[in-house]
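# Need coordinates for the below:
(2 chains)
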Number of protein chains: 2
Amino acid sequence: MALAGNMLIAQSGGPTAAVNASLSGALKRAMKHKEIGEIYGGRNGIEGILKGNLVPLRPLFSSEADFILLKQTPAMVLGSCRKRLSETPDEEYRKILELFHQYNIKYFFYIGGNDSMDTIKKLSAWFTELGEEIYAVGIPKTIDNDIACTDHTPGFGSAARFIATSVAEIAADSEIYDLPSVTLVEIMGRNAGWLTAASALARRPGCAAPHLICMPEVPFDDERFLAQVETLQKQYRNLVVAVSEGVRYEDGRYVAAAQDRIDAFGHQQLAGAAACLAGMIRSRFGFKVRAVELNVLQRAAGHLRSETDILEACRIGAEAVTMAVRDQMTGVMASFTRVSNHPYLVRYDSARLSEVANVEKTVPPEWIDAEQMDIKPELREYLAPLITDFSEQGGVPVYFHL
Amino acid sequence: MALAGNMLIAQSGGPTAAVNASLSGALKRAMKHKEIGEIYGGRNGIEGILKGNLVPLRPLFSSEADFILLKQTPAMVLGSCRKRLSETPDEEYRKILELFHQYNIKYFFYIGGNDSMDTIKKLSAWFTELGEEIYAVGIPKTIDNDIACTDHTPGFGSAARFIATSVAEIAADSEIYDLPSVTLVEIMGRNAGWLTAASALARRPGCAAPHLICMPEVPFDDERFLAQVETLQKQYRNLVVAVSEGVRYEDGRYVAAAQDRIDAFGHQQLAGAAACLAGMIRSRFGFKVRAVELNVLQRAAGHLRSETDILEACRIGAEAVTMAVRDQMTGVMASFTRVSNHPYLVRYDSARLSEVANVEKTVPPEWIDAEQMDIKPELREYLAPLITDFSEQGGVPVYFHL
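Residues are numbered from 1 along each chain as shown, chains lettered A, B, ... in the order given. Next up is the predicted model:
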């Protein structure tokens, strides 16, 4: 018999186009579970929760349209934070537990990336140790796709769709003049190249871009890179290079750090990886170069969300609620297991948070063609089903506001 | 009785999401005019035409689907150039005329911005002077919306839609942390603020962004700007500022030029206007700041094209053909006259190229609130109907390739 009590849900880490879809799915499912009384949203993650910043969510959702609007809203309507809890239980842990008692919270859900999974792992382990009847389940979210123990993460597919689309469009833009050129597109990912790899989905008949893919998993070598540019330049007049912000040399130095600049106010400005490579190419070959940073748009572009991503994000939020309420699980993260690629099928599973937290899942070496600075077909197979489209209404998307 | 002969069409200047739509519309209409024999596309504008780089286009269009695919393809499938003809007829003029004779070109269409309208003005004036029976008509195109004698230009609406959507999404992204911040979004436009003004279409209940709009038409003043930031910061935790790349001081110096940087290779790097303002704000207030350049995406983002823009671009291309063939007009540009805003209606007209060429249409002062660094309601009324949506198929858009 499931435990009756209230629910708390919060969001943490960087925004994605799908993190509100997980909230939407969790809320809708929670409203079907009779055991759940009040449903609170924690503002600004654990940081706001520590300040008692809770908002009752039931009154905001009176119709299906509210869930749909929330589902298609990028970023985080509950706000976020970057806070980590200390390694061993301290005053903050106690404050959180006190608040849980005060609000009779029996179900706690935290939607976030690796740091957030660490937070919920620590809290759930401590609650269990104390014998508290609180069920705490993590819901994965990150554009970086770097969370362990899940086939992929909600938020990744939408960012991947934005990146692939933008690279296709930048390629079209780069080809119009009868002049050799190299366009470098900088893509997010400090340690994992999943997003940069997704740029390969821009390729199709008539579009060979990106011609090179530089990921953090492969140590960067200036001369090898320049040689590849020189070779490809003979075949293609206008090259497009997809480069992770995190590309680095064998010795660990970031390529971007090789050209630090000081601005007029004396602040150190980290030049982007793309800008650095652009300088390198201009200097060696004199080609016309351009560096384009996709910047925050790649994580915020709700208008290019992937249908698969949004549906899965919604569903994994719902499954997390059921894991806690019906299955009385705690200390776990809801996860995906890929059943097949043709047709694309996933199963909703759970993973122990002790195995998930603080592990950064990078692209496996066997899916990377390090020699050609490209991805292998297996990686394309993995990526392709994650970026299907979602039809959109209205000239500018309408978003949910709390 | 209309003149029988061949047709040449070419594209020039910077890319937009709608310039191929004008090509598509012109080709489809041309195929209905019995007077037109062969239809040639000039590769890379007047530059390619001077090299005799002509490609027969009829064989590429065998079905309605081909026209539709071309219509939704951003950038320029015929390629482009930045070439201007000399002020008085010279060897190049003669070479072009020779080629027109060789290919029996009686109808010439050039799709482009101000420089391109200058090219077709010069050629048509010279042809007329010589008594040549060649009908030359300009088809306007530019994201900048800065062409005179037309209510607006094809390409502008789609760029405006991308900008408004991106600003709405960047605003959502900027609000997630419980920290004051200022995000500066840099938008194209050296002299005209139309695109930057279009960022105002992001506003709706729940989204006050952009909180400030800095356009090149209003002399920039550091202290007035910082005072506005300080005031607004008290009302809104997370500010978004839309800024034209071309904002400049009273004395004409670009704000962006105030902080030139030298990269590691000794090249001068023009820091962006947004990056400069970000440095200024960080230095004065210590707020978290971020500069986002929308970069080439704003002119290439076919996936966010405006339905109105694409339909009008297509139709104005078609009307240009009829002006030349049926009405035997030359030395004119096809243009829009706005009939009404409610409902939105435009009429297709023609303007004398002598009045169009080399005039840069900027935003009228009476549509700008210089004091508040904002636009006036009249400008919003003008902008709103230009960015309606276009539904899209497929995870990544499929584009036409020549």
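# Quick check: which element contains the most centrally placed residue in chain A?
The centroid of chain A falls nearest to A:Ile143 when counting by C-alpha atoms, centre = their mean (1.6 Å). Using DSSP states H and E, A:Ile143 sits within no helix or strand.
# Buried residues, stretch A:78-98. List them.
By 16 or more other C-beta atoms under 10 Å in any protein chain shown, the buried positions in stretch A:78-98 come out as A:Leu78, A:Gly79, A:Ser80, A:Cys81, A:Lys83, A:Leu85, A:Pro89, A:Tyr93, A:Ile96, A:Leu97. (Glycine included, C-beta is placed from N, CA and C.)
# any chance of the residues you listed in a markdown table, plus pLDDT, distance to B:Phe220 and secondary structure?
As requested, the buried residues of stretch A:78-98 are arranged in a markdown table below (pLDDT from 0 to 100; distance: C-beta to C-beta, whole Å; DSSP: H, G, I helix; E, B strand; the rest coil):
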| residue | pLDDT | distance to B:Phe220 | secondary structure |
| --- | --- | --- | --- |
| A:Leu78 | 96 | 37 | coil |
| A:Gly79 | 96 | 33 | coil |
| A:Ser80 | 96 | 33 | strand |
| A:Cys81 | 95 | 35 | coil |
| A:Lys83 | 93 | 38 | coil |
| A:Leu85 | 96 | 46 | coil |
| A:Pro89 | 97 | 54 | coil |
| A:Tyr93 | 98 | 51 | helix |
| A:Ile96 | 98 | 48 | helix |
| A:Leu97 | 98 | 53 | helix |
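# Backbone dihedrals for A:Lys106, please?
Backbone torsions for A:Lys106, taken as degrees, to the nearest 10, come to phi -110, psi -20.
# For burial, what's the neighbour tally of the spatially closest residue to A:Pro365 that is not a sequence neighbour?
Counting by C-beta to C-beta, 6 or more residues apart in numbering or on different chains, A:Glu217 is the residue found nearest to A:Pro365 once chain neighbours are left out, at 6.9 Å. Residue neighbour count, defined by other C-beta atoms under 10 Å in any protein chain shown, stands at 22 for A:Glu217.
# re earlier: give the contact list for the residue nearest to the centre of chain A.
Counting by C-beta atoms under 8 Å, 6 or more residues apart in numbering or on different chains, A:Ile143 makes contact with A:Gly14, A:Thr16, A:Gly155, A:Phe156, A:Ser158, A:Ala159, A:Met188, A:Leu195, A:Gln298, A:Arg299.
# contacting residues for the third one?
Taking C-beta under 8 Å, 6+ apart as the criterion, A:Gly155 is in contact with A:Thr16, A:Ala17, A:Ala18, A:Val19, A:Lys141, A:Thr142, A:Ile143, A:Arg299, A:Asp309, A:Ala313.
# what about A:Leu239, is that helix, strand or coil?
Recorded secondary structure, A:Leu239: strand (DSSP: H, G, I helix; E, B strand; the rest coil).
# mind checking the backbone torsions on A:His211?
phi -80, psi -20.
# Contact partners for A:Val167?
Contacts of A:Val167 (C-beta under 8 Å, 6+ apart): A:Val185, A:Ser199, A:Ala202, A:Ala209, A:Pro210, A:Val240, A:Ala242.
# which one of these is nearest A:Ala136?
Nearest to A:Ala136 among the contacts of A:Val167: A:Ser199, at 36.5 Å, using C-beta to C-beta.
# burial count for the closest one?
A:Ser199 has 31 neighbours, counted by other C-beta under 10 Å.
# Do you have the helices of the stretch 251-400 of chain A handy? List them.
Per DSSP state H, counting those that start in this stretch, the stretch 251-400 of chain A carries helices over the ranges A:273-285, A:297-300, A:307-325, A:353-356, A:377-383.
# can you tell which of the ones you listed is closest to B:Phe67?
Checking the helices of the stretch 251-400 of chain A against B:Phe67 by C-beta to C-beta gives helix A:307-325 as the closest, at 27.8 Å.
# can you pull the contacts of A:Ala21?
Listed by C-beta under 8 Å, 6+ apart, the contact set of A:Ala21 reads A:Leu70, A:Lys71, A:Gln72, A:Pro154, A:Asp309, A:Ile310, A:Leu311, A:Ala313, A:Cys314, A:Gly317.
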